[in-house]
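# Structure of the sequence below:
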Amino acid sequence: MEINGTLMWYYKICKREVWLMSRNIVPDQKDTNIDIGRFIHETVYSRKKKEIEFGNVKFDVILNAKDELVIGETKKTSKFQEASQMQLLYYLRELKKAGINAKGVLLYPEERKRVEVELTEENILTLEKAEDEIILIIDSEVSPPVTKNKYCRSCGYREYCYA
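Residues are numbered from 1 along each chain as shown. From the prediction side, this is the model:
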């Protein structure tokens with residue numbers, strides 16, 4: 001399986017989710033949080049170009065900016081800001097590998113919040129370390145053990161882990 005932004009996001013939340021996603025085990029699609037996220041994604045920034053695919057990445061929107069490319073990633077809540085930033089940094093790095101310099105913005109429409117994200121050398125090293133760990137997780141025959149964290153209550157995989 002090819003590493004992508006979604007796996008980067010899950011990596012910051014829960015290593016077990018990375019393993020499950022790598023095996024095409026999807027979270028509960030009837031989960032309220034997933035429904036809300038899907039609704040926000042489909043309805044917010046409707047006038048902007050949405051879901052742009054570039055290689056193995058798919059980012060949400062291209063924002064209007066003078067003389068620079070700015071990509072945006074729309075999220076339901078800033079509660080997962082570190083994971084969202086990791087995902088967006090991954091997209092920025094993939095664009096940079098192709099010779100495209102861009103900046104990123106995390107968009108939290110319900111909170112009316114925007115967080116600018118810029119790729120740095122330090123971030124690139126963090127991404128490379130995460131990729132190495134993701135590969136180890138994916139290559140493992142067994143899933144990582146359940147590690148309860150603050151996100152478990154609202155996780156679409158909670159029944160898989162706690163049933």
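# neighbours of Asn64, just the number please.
Asn64: 8 surrounding residues under other C-beta atoms under 10 Å. In short, each C-beta sits where N, CA and C put it, glycine included.
# can you pull the pLDDT of it?
pLDDT recorded at Asn64 is 72.
# ranges for the helices of this structure?
For the chain, the helices defined by DSSP state H cover 5-13, 15-22, 32-43, 81-97, 121-139, 158-162.
# pLDDT-wise, which helix or strand of the protein ranks last?
helix 32-43 (a mean of 52; mean pLDDT, DSSP states H and E).
# list the contacts for the nearest residue to Leu63 once chain neighbours are set aside?
Closest residue to Leu63 apart from its sequence neighbours, by C-beta to C-beta, 6 or more residues apart in numbering: Val70 at 4.4 Å. Neighbouring residues of Val70 by C-beta atoms under 8 Å, 6 or more residues apart in numbering: Ile62, Leu63, Asn64, Ala102, Lys103, Gly104, Val105.
# mind redoing it with 10 Å?
Counting by C-beta atoms under 10 Å, 6 or more residues apart in numbering, Val70 touches Val61, Ile62, Leu63, Asn64, Ala102, Lys103, Gly104, Val105, Glu116, Val117.
# The residues you listed in strands, which ones?
Using DSSP state E, the members of the contacts of Val70 that fall in strands are Val61, Ile62, Leu63, Ala102, Lys103, Gly104, Val105, Glu116, Val117.
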